[in-house]
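Student: Give me the fold of what follows.
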Amino acid sequence: MSNNTLKDDMLKARLVLQHTADNEEIRMQLATHGYDEQYLYRGFTLYEIAQQRLELLAVKPADVADEASSHASEEAIRRLMAWMVDFVAISRRAMRAQPQYLEVMGIEP
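Tutor: Numbers count the residues shown, from 1 in each chain. Modelled structure (predicted):
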């Protein structure tokens, strides 16, 4: 995964989470499908962990960044991306009748 792709993925994750959190109608629609604010909070938590891991790696010189740090960062990103894949699928199902909400969230219908 290239750095630009990773940055793009992280930006997209943050925007989807933020747009979802900012729109009460979207949150209510997701809640009717069993995905409440706790579920969204988990996404924010995974995002923050991944972002912190990336920031830690960015400040360490390449020769100091050990394998454990790199692995922990990769694992944090993997968990966030897995959550995002599920969230996008859930959102598409929940917003089937209101595809305009997907656009607000930053998700292609």
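Student: residues in contact with the residue nearest the centre of the chain?
Tutor: Nearest to the centroid of the C-alpha atoms of the chain, with distances taken as Cα atoms, centre = their mean, sits A13, at 3.5 Å. If a contact means Cβ atoms under 8 Å, 6 or more residues apart in numbering, then A13 has G43, Y47, L80, M81, M84 as its contacts. Where you see a C-beta, it was placed from the backbone N, CA and C, and this is true even at glycine.
Student: Is the first one in contact with R14, as I believe?
Tutor: No. Using Cβ atoms under 8 Å, G43 makes no contact with R14, being 10.0 Å away.
Student: Which one of the two is surrounded by more residues?
Tutor: Between G43 and R14, counted using other Cβ atoms under 10 Å, the more crowded position is G43 (21 against 16).
Student: can you pull out the helices in this protein?
Tutor: With helices called from DSSP state H, the chain shows them at 3-22, 24-31, 37-59, 67-94, 99-105.
Student: Quick one: those helices as JSON lines, columns for mean pLDDT too.
Tutor: What follows is the helices of the chain, written out as JSON lines (pLDDT from 0 to 100):
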{"stretch": "helix 3-22", "mean pLDDT": "91"}
{"stretch": "helix 24-31", "mean pLDDT": "95"}
{"stretch": "helix 37-59", "mean pLDDT": "91"}
{"stretch": "helix 67-94", "mean pLDDT": "90"}
{"stretch": "helix 99-105", "mean pLDDT": "95"}
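Student: Can you give me the distance of P99 to L11?
Tutor: Here the criterion is Cβ to Cβ, to the nearest Å. By it, P99 lies 23 Å from L11.
Student: Likewise for L17?
Tutor: 11 Å.
Student: The two: which is more packed in?
Tutor: In terms of neighbours (other Cβ under 10 Å), L17 is the more surrounded of L17 and L11; the figures are 22 against 11.
Student: Which residues are in contact with the more buried one?
Tutor: The neighbourhood of L17, defined by Cβ under 8 Å, 6+ apart, consists of L40, G43, F44, Y47.
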